[in-house]
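A.B. asks: build the 3D model from these lines:
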Amino acid sequence: MSKPNMTSLYGAAFGFNTDRRVKPVHLATGFFVSILGRTYGNEILNNVVAFNDGKELAGNYALNNLHKELRRDGKIGTQIGVTDLHVLRKHLRCLAGNDEAVYPVYGEKPGFGCDYSTTSSRILTQTRDNDGFAGYFISRVLEVTAEGRFIIEFTRKCLENPSPTLREVFQPLLDETSQEVDLGSRYEPKFGELSSQRLNGVAKRMVLQTKAVKLLCENADALVATETKLRFVIVGLCLWLFRYLLQEAFQDVRDVPDSRILLADVTGETDSRMRAQSRWSYTRLREGLVGGFAQVAAQGKFDGCLEAWEWVKSEKRGRPKFEEFFRELSLRSGLAQPRASRIPAKHFEPQPDTLRVLVLSTLSVAADFISLPDLLQRLFETWGIVFGGRSEDPDLLGQLRYSLDEDRDLATNSRALVELLRDLGLATRFSDGLIMCHSQPRF
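C.D. replies: Residues are numbered from 1 along each chain as shown. Predicted coordinates:
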C-alpha cells in the first residue's frame, strides 16, 4: 500500500499539519501573515543576512557582488569596505536569524523557507508555510471570541508600530511595496473549509487559555517594549497551541483535565526522583497524543480521509508521525528541557522567560499581591502545570500513579520555584515567612 497524502489526516485531527518541526518563529510568521494579509519580498535583506561562514554563495549572496550592489544602490556609505560589510553581515544575521530560521531563498536555493525575527510588519516575509498553517488556524479560532479578537488587534498594533528597533536597523534593506496574501485560499485545498461549528467548538474548549493570552497582552502593554510584547504573544500562543493539542487528543478525559497535567521539575537536580517523574510526565503526554488519533477516528473525523488513516493503522500500527512536532513545540516554547538533541530524555521545566509569560498570563498587573497557592491554582487550571505546592497535589499525583514523596520531592520542588520567582521579581517572602506573588518587581 503506497503512502497517501497525510495532510488531510492531520487537518481532520487538529486543523493543521503536525507532520513537521515547527519553531516559534514559524508560528509567528504564519500568524502574522494571517492577520495582516500581506508580506514583503525583502530580497536585499535576505542577500545580506542569509549566508554561510566558510561557504561562498553565488549571485548577490557572494560578498564582493553584494558589496558592489549595496554601494551602487546607496544602501551603504562609501567608507564601508568589503571587510566591514562582512562584519556587519554577521551582526545583522544574529538579529534577523531567529532560531536559525533564515535561509537563502532567492536564486540559490529556492526551495527553502525563510522566517525572520519579525518585530515589524515591514520585515514580514513568507516564502513557505513552515508552520503547517498552525498560525492561520489559531487566527481563525481567535476571531470567534471577543478575547481572541483583542489578541489579534493587539498583535496588529504592535506589528504596525512605526519605529520598532529592528525596523530602524534594517530600514535601508527593506522593500517599500508589499504583496497581498490570502492564506485561506491556500489552506482550503489542503484541509478543506473550516466550519463555524468547528471553530466555535475549539474556541469554547480553549476559552480559559484565550483569556489568559488576552491578559498576557494587557500586562505586556503596560510593562514591556514592542519587541518584547510580540515575543510574549508568540510564546503565549505556543502555550495555547500545546494545550489545544492535549484538549483535542485526550477526548475521553476532556472533562477530567487532571490526566493532562505537566509535572514541572525546577529543582535542577538531574538525578532526583522529581526529575524522573517529570520525564515520565513528558513521555506520558507525548504517547497519549499519538494514541489519541484512534479516539479522533472513533468520532468519525477521519471519514473524509479513510485511506490515510488505514495507511497509518497498517504501516505505523496506528501511530502517526507526531513526535517531532510535540518535541519542537514543547522545547522551543520553553516548556520542556533540555534542548540538546544528544540528550533524548526530556522533562517539563519552564525556562525563566516562559515562566514569566505563564505568570503574566494568570496575574494582572493591576493586582497587588496574590498568595503562592492562588498562583499555582491558576497555572494548574489554565495550563495544567503542577509544581507540587498546592495542598491537592499529593493526592492528585498519587491518583495518577506518580511516585513522589510530599516532603522530600514536592516540598523541595515548590521551594525551588519560590526562589526562581523571587529571582524574576515575581514573588516576595515577607518577614513572617508569607510568600506573595506579583506581576512585576515590587522593591
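
A.B. asks: now do the strands in the chain.
C.D. replies: 38-39, 179-180, 262-263, 336-337, 347-348, 370-371, 385-386, 427-429, 435-437 (DSSP state E).

A.B. asks: quick one: strands adjacent to the third one?
C.D. replies: The reference is to strand 262-263. For strand 262-263, the paired strands and their directions (DSSP bridges) read strand 385-386 (parallel).

A.B. asks: now do the first one
C.D. replies: Partner strands for strand 38-39, per DSSP bridges, with pairing direction: strand 179-180 (antiparallel).

A.B. asks: output the below-cut-off pLDDT ranges for the chain.
C.D. replies: 1-2, 54, 98-101, 107-113, 251-258, 316-319, 443 (pLDDT under 70).

A.B. asks: got the domain ranges for it?
C.D. replies: 7-206, 258-437 (automatic domain parsing).

A.B. asks: now these in a markdown table, please, with extra columns for mean neighbour count.
C.D. replies: No exception for glycine: its C-beta is placed from N, CA and C like everyone else's. Formatted as a markdown table, those follow (neighbours: other CB atoms under 10 Å):
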| stretch | mean neighbour count |
| --- | --- |
| domain 7-206 | 18 |
| domain 258-437 | 18 |
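
A.B. asks: measure residue 391 to residue 410 for me?
C.D. replies: 11 Å (CB to CB, to the nearest Å).

A.B. asks: next one: residue 37
C.D. replies: Separation of residue 37 from residue 410 (CB to CB): 49 Å.

A.B. asks: what do you get for residue 437?
C.D. replies: The spacing between residue 437 and residue 410, counted by CB to CB, is 18 Å.

A.B. asks: swap in residue 225?
C.D. replies: Counting by CB to CB - residue 225 and residue 410 are separated by 37 Å.

A.B. asks: cool, residue 35 as well?
C.D. replies: Taken as CB to CB, the span from residue 35 to residue 410 is 42 Å.

A.B. asks: and residue 173, by the same measure?
C.D. replies: 52 Å.

A.B. asks: then residue 65?
C.D. replies: Distance from residue 65 to residue 410, by CB to CB: 61 Å.

A.B. asks: equivalent analysis for residue 304, please.
C.D. replies: In this view, residue 304 and residue 410 are 46 Å apart by CB to CB.

A.B. asks: can you check residue 395 too?
C.D. replies: 11 Å.

A.B. asks: got it, and residue 217?
C.D. replies: From residue 217 to residue 410 the distance is 33 Å (CB to CB).

A.B. asks: show residues contacting stretch 237-245.
C.D. replies: Contact with stretch 237-245 is made by 14, 18, 24, 27, 31, 134, 138, 202, 205-206, 209-210, 212-213, 289, 326, 329-330, 332-333, 335, 354, 357-358, 361, 383-384, as judged by CB atoms under 8 Å, 6 or more residues apart in numbering.

A.B. asks: for residue 222, grab the count of nearby residues.
C.D. replies: 12 (other CB atoms under 10 Å).

A.B. asks: name all residues that make contact with it.
C.D. replies: Residues in contact with residue 222 (CB under 8 Å, 6+ apart) are residue 365.

A.B. asks: still on that earlier bit, who touches both of residue 391 and residue 410?
C.D. replies: Joint contacts of residue 391 and residue 410 (CB under 8 Å, 6+ apart) do not exist.

A.B. asks: which ones are touching the nearest residue to residue 180 once chain neighbours are set aside?
C.D. replies: Nearest non-adjacent residue to residue 180, counting by CB to CB, 6 or more residues apart in numbering: residue 38, 5.4 Å away. Neighbouring residues of residue 38 by CB under 8 Å, 6+ apart: 121, 124, 178-181.

A.B. asks: got JSON lines for the residues you listed, with distance to residue 43 too?
C.D. replies: Converted to JSON lines, the contacts of residue 38 look like this (distance: CB to CB, whole Å):
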{"residue": "121", "distance to residue 43": "17"}
{"residue": "124", "distance to residue 43": "14"}
{"residue": "178", "distance to residue 43": "13"}
{"residue": "179", "distance to residue 43": "12"}
{"residue": "180", "distance to residue 43": "18"}
{"residue": "181", "distance to residue 43": "17"}
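
A.B. asks: closest to residue 275 among those residues?
C.D. replies: residue 124 (40.0 Å; CB to CB).

A.B. asks: hmm, that closest one is touching residue 37, no?
C.D. replies: No: with contact defined as CB atoms under 8 Å, residue 124 does not reach residue 37; the gap is 10.6 Å.

A.B. asks: save the strands of the chain as TSV, and put in distance to residue 246 too.
C.D. replies: Output for the strands of the chain, formatted as TSV (distance: least, CB to CB, whole Å):
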stretch	distance to residue 246
strand 38-39	32
strand 179-180	36
strand 262-263	9
strand 336-337	13
strand 347-348	12
strand 370-371	26
strand 385-386	12
strand 427-429	27
strand 435-437	25
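
A.B. asks: quick one, which of the ones you listed gets closest to residue 421.
C.D. replies: strand 427-429 (3.6 Å).

A.B. asks: wait, what's in contact with residue 167?
C.D. replies: 119-120, 122-123, 161, 174.

A.B. asks: next: residue 134.
C.D. replies: Residue 134 is in contact with 16-17, 22, 27, 30, 241, counting by CB under 8 Å, 6+ apart.

A.B. asks: and what of residue 326?
C.D. replies: By CB under 8 Å, 6+ apart, the neighbours of residue 326 are 245, 285-286, 289.

A.B. asks: export these to a markdown table and tack on distance to residue 195?
C.D. replies: Listed next are the contacts of residue 326 as a markdown table, based on distance: CB to CB, whole Å:
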| residue | distance to residue 195 |
| --- | --- |
| 245 | 20 |
| 285 | 28 |
| 286 | 29 |
| 289 | 24 |
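
A.B. asks: farthest pair in the residues you listed?
C.D. replies: Across these (CB to CB), the longest gap, 10.3 Å, separates 245 and 286.
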